[in-house]
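**Q** Give me coordinates for this.
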Amino acid sequence: MNVLKKTLIELGVLVGIGFLVILGAYFFFDEDDEEYYLESVQESDVQKDEFTPSGEDEIEVEEEDFVEVRINDGYLTLEVADDDTSRALGLMHREELDDDSGMIFVYEDEDIRSFWMKNVLIPLDMIFVSSDLEIVGFLEEVPPCKEEPCESYSIEEKAQYVIEVNAGWVDDNDISVGDDIEFIVRDPFGS
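**A** Next comes the predicted model:
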């Protein structure tokens, strides 16, 4: 009888958590947001451990989730967003970024990329990069969205990668259209 009672309690807790996750996803994303923000993320793609009860992102990244890139003489350590869910979350709810850090949004192909700043708390520079790793455009000092509807930001060129960094990084590092980015591969043996 104790095993049955324990199993029923555990089942009830799991159902309750599932209900809260779906309810949170419903209030967090609305239909208008999907057009500019989620692309093709569906509620079933949102995992319960990706959000804290307050609605802020719970960022759990591992070393493999970062890449290092060089642009001219500037080096960046970038968190990788390479699936619909991580691209949708982006840099939301971050109160700051370390110097020379940011996020790289990786897509399967080149296309016009559009971003908005909903729930982003800091201004950013956005660097748009083609499939051959050439900078095709950038936006500087993109402000956080203070009220809805949030403005959408894009350039007219197609990009396969978009890098978001602290506002001012593009200017501080003399970034220009036509510059190349280089992915830095670290020696696994540390030599």
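
**Q** in this structure, which strand has the most residues?
**A** strand 101-111 (DSSP state E).

**Q** Export only the CA atoms of that one, formatted as CSV.
**A** Extracted C-alpha coordinates of strand 101-111, given in CSV (Å, rounded to 0.1, in the frame of the first residue of the first chain):
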residue,chain,number,x,y,z
SER,A,101,31.9,37.9,-24.6
GLY,A,102,28.5,37.4,-26.1
MET,A,103,26.4,34.9,-28.1
ILE,A,104,26.6,33.5,-31.6
PHE,A,105,23.4,32.5,-33.3
VAL,A,106,24.0,29.6,-35.7
TYR,A,107,21.6,28.8,-38.5
GLU,A,108,21.7,26.0,-41.1
ASP,A,109,21.6,28.4,-44.1
GLU,A,110,21.9,32.1,-45.1
ASP,A,111,18.8,34.2,-44.9
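
**Q** Name the strands paired with the following helix or strand past that strand and say parallel or antiparallel.
**A** For strand 101-111, the succeeding helix or strand toward the C-terminus, using DSSP states H and E, is strand 114-116. Paired neighbours of strand 114-116 in the sheet (DSSP bridges): strand 152-154 (antiparallel).

**Q** Which elements pack onto the next helix-or-strand element following the partner strand?
**A** Following strand 152-154 in sequence order, the next helix or strand is strand 159-166 (DSSP H and E). Packing contacts for strand 159-166, counted by 3 or more C-beta pairs under 8 Å, 6 or more residues apart in numbering; DSSP states H and E, involve strand 74-81, strand 101-111, strand 124-129. The C-beta positions use only the backbone N, C-alpha and C, and glycine is treated the same way.

**Q** Output the contacting helices and strands for the longest strand of the chain.
**A** Right, strand 101-111 is packed against strand 74-81, strand 159-166 by 3+ C-beta pairs under 8 Å, 6+ apart.

**Q** neighbours of the closest residue to residue 139 other than its chain neighbours, just the number please.
**A** Once flanking residues are discounted, residue 139 sits nearest to residue 126: 4.5 Å by C-beta to C-beta, 6 or more residues apart in numbering. For residue 126, the neighbour count with other C-beta atoms under 10 Å is 24.

**Q** Return the most buried member of the helices and strands packed on strand 101-111.
**A** For the helices and strands packed on strand 101-111, the largest average neighbour count (mean count of other C-beta atoms under 10 Å) is found in strand 159-166, namely a mean of 23.
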